[in-house]
Each structure stands twice: as C-alpha cells, then as structure tokens.
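Asker: Pasted the sequence and its predicted model underneath.
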2 protein chains.
Amino acid sequence: MKIAIYGYGNLGRGVELAVRQNPDMELTAVFTRRPANQIKLQTENVRVLPANEILKYKDLVDVLIICGGSATDLPEMTPMLASDFNVIDSFDTHAKIPEHFENVDNASKKSGHISMISCGWDPGLFSLNRLYASAILPNGNDYTFWGRGVSQGHSDAIRRIDGVLDARQYTVPIESSVNAVKEGKAPTLTTREKHKRECYVVAKEGADLQKIENEIKSMPNYFADYDTTVTFISADEMEKNHSELPHGGSVIRSGKVGKDGKHTCVIEYNLKLDSNPEFTASVLVAYARALYKMNNKGVTGCKTVFDIAPADLSLLSSEELRKKML
Amino acid sequence: MKIAIYGYGNLGRGVELAVRQNPDMELTAVFTRRPANQIKLQTENVRVLPANEILKYKDLVDVLIICGGSATDLPEMTPMLASDFNVIDSFDTHAKIPEHFENVDNASKKSGHISMISCGWDPGLFSLNRLYASAILPNGNDYTFWGRGVSQGHSDAIRRIDGVLDARQYTVPIESSVNAVKEGKAPTLTTREKHKRECYVVAKEGADLQKIENEIKSMPNYFADYDTTVTFISADEMEKNHSELPHGGSVIRSGKVGKDGKHTCVIEYNLKLDSNPEFTASVLVAYARALYKMNNKGVTGCKTVFDIAPADLSLLSSEELRKKML
C-alpha cells in the first residue's frame, strides 16, 4: 500500500512517522510547494517532488494524505486532487463540512476514486463517539471538553496584537465541571464553566503589558467569555517550556435508561495527547488503510468516520478480529 | 420498524424499555417459553406469545432481539432463529465466538437474512474501542478494567457454597493501577494488581462463617488470584443495598508516536452504568436499527460491531450527521 503526503508541515511530518509504524504501508513520496532542497525528510528513499507535477506520479500513490490548512488550502486542494487520487484530509471547519463534502464527493465519484474528509480527532474520533453514544442513549446530554492543550487559532489571535512577539494559548477544561459530568449529574454549563484559557506571551521590549493583557482578555469570541490568565515570559522560557503541541479532551454522554429513566449511564471518551499533529497523523494513516481496502472492494465517493466500518481500519482479517478482539 | 423480544428476563425487560426511547421503533411481541399469563409487560398493546410458535408470527418481526443466556440458550437459539428472522444476540463466551459466528452466519446467508452476535458492551463497545485504538496506535499497550460492578458468574459461584443463601460479588478495579495507565505510564500489571473482589454473603443460620470465607478466598480462577474481601450481611441488607446491577469499566490504550516514540498518547473509553442489563439492551436496540437499515440495502449474513458503519446506528440521515455531529 503506497502512501504519499501532500504538504510537509507539522501534520505531514507526523504522517511520515506514523506510516513507519504500519508494516503494510510504504511512504513513496512527499509532494511540496516548497523547493525540494528545503525539505529534509526523516526517512530514506522517499522522493520529494513538486506539488504541481503530481499528475506525473500517479503510479506512486494508492492513497494521498493531504496535509494542508482548513482555511484556504483544503477547500481547493482536496476536490482538485480527488479527481485523480484516493485522498484523505483533516478539514476541520465544522460549518463548511457539508459544502466541502459535496465538492469532494462529486470529484471522487466522477473518477471512480474514494475519499475521506474531516478525519482526525475532532472532527473525527470525537464525532464518532458523539454518534455512538447518542444512538445508544437517545435520552441524554452531550458534553465535549477540550484540553489541556495548545489552540493554534487562539495563539495566532494573540500574536496579532501590537507589541506581542510570540504567544501560546492553552485551552483548559474546568475540572469540577468535567467531574460533575462524569458522575452523571448532567449539569447545565455556561461557556465560562466549561473551559478556561491560559496565555503565555513574549512581549516586545518596552511594550505596554497591561494594555496587551487587557486586549487579550476582552477579545470577543476568543477570550471575553472565559476566565483568562495572561503570563508574560521570556523567549527562552517559551522555547524551553512551550515548544510542544499537546492536546486532548473528552466526549461524554450522560443518559437515562430503564423505567421512568431510573438509571443513569455515562459513556466517556478521553484523549490525552503529547502531540496533537502526530496523533492526528496516526488517525489519518489508519483511515488511509480503510480507504484502500474499501476502494479495492469497489467503493467510491467521499466518506467520513461515520461511513467506515471499524474492521476496515485494522491490519487483521475479520476472522482474526473476532478471535482476538471481540 | 418492528422489534420483537425472544426471552423475557432482565435483558428482555431492558430491551422493552429501550425500544420506547426510539421513535422509529415499535415493540410488537415478546416470545417466551414461560406460560403467557406469568409475564407482565410494562408496555400496553404488545403481544406475549409462545416461543415455540414464533414461525407463525413472521409478519410481526423486522428484527428479533434474542435475550437468552450464553452458556446454553444462545448457541442453539440464535442459529435456529437466524433461518427465519433478522436476529441479534449478546453472546459473551469469548472463546466460542468463532464457532457461534460460523453457525449463525451460515443460517443467515442461506435464508437471506442479516444477523449480529456478541452485541453489548463487552463484547461490543469495549471490543470496538480496542479495535479503533490499536489501529490508530499500533505501537502500544491495551488495558481493560471492569467494574465497579456486579459479576453474575462470581455471585453464582459463591451461592453454590454450602451454607450460603445469597451472594453478590463486586469486581473492583484497583484505582492506583487505573490511574497509572491513564497517565500513560504503561505499567505491567498482575491479575491481583488490576482488580479486587468484594463479596457480600447471606449465610444460613448456624453456618460456619470462617469456613465459607476460606472457601471463597481459595476458589481457583474465581478468587484465589485476587485480593478478596468477604462481608456477611442479613437478607434484608442484601435486598436493600445490593439489589441493583451496576457495572462498567475502562478500555485504555497507551501508545507511542513521533520520532523514536518520543510522545505518548492515551485513548480511554469508560462506561459507568447504573444498570448493566438496561445498558446492554440499549446497545442491542441501536444495533437492531443498523441491521434493519443494512438488510434493506441487501446486506445478509452475520455481523459484529466491527462490520457495521457507525452511521447505520443513527436515526439521522448521513447529511444530518455530517452537519450536526461531525
């Protein structure tokens, strides 16, 4: 099974490392818009090729893992590449998923390929758990908590403030709220009661720190509705203590079963990830296997985590799965 | 969608209550080996019919939920009924799953029906999570903890001891071990380090309590390998404090990702169930929907949780799922 990567940032590097853990896969090529000599892979014998020449290399690719940004890259790249390749992306702009799905589905169906969008952990594994839990406990409440983890979007928002050199924002779930939910208390929670935001900021010399802090804390949508802490640190400290990209979170459904809803059941799914991009890459790679198996059975068109039978993700045969994992 | 129940014990009663939570389903009949007048349903306008006349009532059934025991009932019932109905069971004798699967699969395929075995939470949702997590994190360790919950098998084993009137056994995961696993420490754990066993026993008047306690604690397979506590209580106390059937547990996979396995990721799935049979029933009912949808698309033969795409469990259409849950 030949895997190729399209776009070599944090996620692309994660995919490169994840492919190595799967003996049925081989990384054949990395396609990039940057000059090839600027890319240093961690694997030997993998070709680095110009993105705009990808159509010359169809033979190298069973599944193409597209590692671009959701804002501008993926809405264009994925439908375009879906006409010539089996593709998978991690598109995460929730509101635009239906439109993106249509575009990719049309391209894949016309050309007889298979594709998958919005693969990762949210959207992705979290969505999957929301679906399973709500189908099993129709009479219940859903909760999603994110973190403790770095939010790139919030970090970027701080970096755009005048006087800020660098910033890292951690989304932190409020522990007492999480525990109440896990215990089946089904509380009603405001935005402020669910998460808090911790910001670490490197300011320019002489910048007005109080002004920066106020600007962060009052930023609508991003910070105003949360208890936010701002800590100014040195560039060295940022490098030393905040260079990793951890993340995670919980999807919890608390539901009532039995006579008059007498009994409570809680279904809880937690992720604790030292590296957000490397884990997302691992999810993409497992689903790339599923796409390959499904396409070999004649399945075409665009899929999401909802449409893919779990067995297709595994290296093991159905017989082995029933024997060893059921 | 017409649901019928075959066997009306704890699980059958749970299915009856679970069907009510699903507006696309109707409970049409309960088939029982007991005299119909001994069965008191909790729902009106549902027929109670003799199990041995079920073939007369094919029109009443889209999916038949078989609520029998795994030891002797299901190995016989499910293959037999699979020749005439779409069926689902909760067969949980792990070692005999391949054989049971073959028997049911043959019967279903010959008759053009669909079927599912080993549906519930373990086997079932726990198996599903073992599969997803191991496909995503191939380089890792799996852990399953059960409890705190009532084990029927262990309770029965105590009841067979001379001088015992009634007994309830709780399987309890060792908290420090669970926490070590959740933190990604990937410890090696002995049987004793994973679970302890709490036994509540009602003894006959004048029975030798020390002898009973010794007999429990030294029972091979069931108790000898565990730290076991035995508490003698009155029949009243048993009735008052131990009449429920709570259960639950955790499936956790701790895996390494990134360069040289630098980063740890932990995937954790927890269930906390006030009622084991009512929750199992809720899982069966959601999968009954999936079977019905799949059979309408022409799918036949025996399935497990591994073979069923998540979307088929839901009341919502694929479009709605993508819009609301992805």
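Answerer: Everything's here; your move. Numbers count the residues shown, from 1 in each chain, chains lettered A, B, ... in the order given.

Asker: could you pull out the strands for chain A?
Answerer: A:2-6, A:26-32, A:47-50, A:63-66, A:87-88, A:114-116, A:140-146, A:149-150, A:164-173, A:195-203, A:227-232, A:247-257, A:263-273, A:301-303 (DSSP state E).

Asker: Pipe these into JSON lines and attach mean neighbour count and distance to chain B per row.
Answerer: (Each C-beta comes from the backbone N, C-alpha and C, glycine too.) Formatted as JSON lines, these follow (neighbours: other CB atoms under 10 Å in any protein chain shown; distance: least, CB to the nearest CB, whole Å):
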{"stretch": "strand A:2-6", "mean neighbour count": "25", "distance to chain B": "14"}
{"stretch": "strand A:26-32", "mean neighbour count": "21", "distance to chain B": "15"}
{"stretch": "strand A:47-50", "mean neighbour count": "16", "distance to chain B": "18"}
{"stretch": "strand A:63-66", "mean neighbour count": "28", "distance to chain B": "14"}
{"stretch": "strand A:87-88", "mean neighbour count": "30", "distance to chain B": "14"}
{"stretch": "strand A:114-116", "mean neighbour count": "29", "distance to chain B": "11"}
{"stretch": "strand A:140-146", "mean neighbour count": "19", "distance to chain B": "9"}
{"stretch": "strand A:149-150", "mean neighbour count": "18", "distance to chain B": "12"}
{"stretch": "strand A:164-173", "mean neighbour count": "20", "distance to chain B": "14"}
{"stretch": "strand A:195-203", "mean neighbour count": "21", "distance to chain B": "19"}
{"stretch": "strand A:227-232", "mean neighbour count": "16", "distance to chain B": "24"}
{"stretch": "strand A:247-257", "mean neighbour count": "24", "distance to chain B": "4"}
{"stretch": "strand A:263-273", "mean neighbour count": "23", "distance to chain B": "4"}
{"stretch": "strand A:301-303", "mean neighbour count": "24", "distance to chain B": "9"}
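
Asker: could these go into TSV alongside mean pLDDT?
Answerer: Listed next are the strands of chain A as TSV, based on pLDDT from 0 to 100:
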stretch	mean pLDDT
strand A:2-6	98
strand A:26-32	97
strand A:47-50	96
strand A:63-66	98
strand A:87-88	98
strand A:114-116	98
strand A:140-146	97
strand A:149-150	96
strand A:164-173	97
strand A:195-203	98
strand A:227-232	98
strand A:247-257	97
strand A:263-273	97
strand A:301-303	98
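
Asker: Export those strands to a markdown table and append columns for distance to B:E76.
Answerer: Listed next are the strands of chain A as a markdown table, based on distance: least, CB to CB, whole Å:
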| stretch | distance to B:E76 |
| --- | --- |
| strand A:2-6 | 47 |
| strand A:26-32 | 48 |
| strand A:47-50 | 59 |
| strand A:63-66 | 45 |
| strand A:87-88 | 45 |
| strand A:114-116 | 41 |
| strand A:140-146 | 36 |
| strand A:149-150 | 51 |
| strand A:164-173 | 49 |
| strand A:195-203 | 53 |
| strand A:227-232 | 61 |
| strand A:247-257 | 29 |
| strand A:263-273 | 31 |
| strand A:301-303 | 39 |
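
Asker: For B:D89, which of these is the nearest?
Answerer: Nearest to B:D89 among the strands of chain A is strand A:247-257; the distance by CB to CB comes to 19.5 Å.

Asker: so which of the strands of chain A comes closest to A:Y132?
Answerer: Between those, strand A:263-273 lies closest to A:Y132; by CB to CB that is 7.6 Å.

Asker: and the closest one with strand A:247-257, angle?
Answerer: Here the directions of strand A:263-273 and strand A:247-257 differ by 170 degrees (axes from the mean of the first three to the mean of the last three CA atoms, to 10 degrees).

Asker: For the top helix by length along chain A, buried residues please.
Answerer: The longest helix of chain A (DSSP state H) is helix A:276-296. Residues A:276-295 are the ones in helix A:276-296 that count as buried (16 or more other CB atoms under 10 Å in any protein chain shown).

Asker: got it, and stretch A:37-49?
Answerer: Applying 16+ other CB under 10 Å to stretch A:37-49 flags A:41, A:46, A:48-49 as buried.

Asker: Let me see the residues that make contact with stretch A:282-293.
Answerer: Contact with stretch A:282-293 is made by A:1, A:3, A:11, A:14-15, A:18-19, A:21-22, A:24-25, A:62-63, A:65, A:86, A:88, A:90, A:114-116, A:119-121, A:124-125, A:303, A:305, A:308, A:312-315, B:135-137, B:255, B:257, B:265, as judged by CB atoms under 8 Å, 6 or more residues apart in numbering or on different chains.

Asker: repeat that with 6 Å
Answerer: Residues outside stretch A:282-293 that contact it (CB atoms under 6 Å, 6 or more residues apart in numbering or on different chains) are A:1, A:18-19, A:62-63, A:65, A:86, A:88, A:114, A:116, A:119-120, A:124, A:308, A:312-313, B:135-136, B:257.

Asker: same check, this time on stretch A:186-193
Answerer: Contacts for stretch A:186-193 (CB under 6 Å, 6+ apart): A:141, A:174, A:177, A:180, A:225-226, A:254.

Asker: how about the CA coordinates for it, as CSV?
Answerer: In CSV, the C-alpha atoms belonging to stretch A:186-193 read as follows (Å, rounded to 0.1, in the frame of the first residue of the first chain):
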residue,chain,number,x,y,z
ALA,A,186,-25.8,16.3,33.7
PRO,A,187,-25.2,19.9,34.7
THR,A,188,-26.1,22.9,32.5
LEU,A,189,-22.8,24.7,31.9
THR,A,190,-22.0,28.1,30.6
THR,A,191,-19.1,28.7,28.3
ARG,A,192,-17.1,30.1,31.3
GLU,A,193,-17.9,27.0,33.4
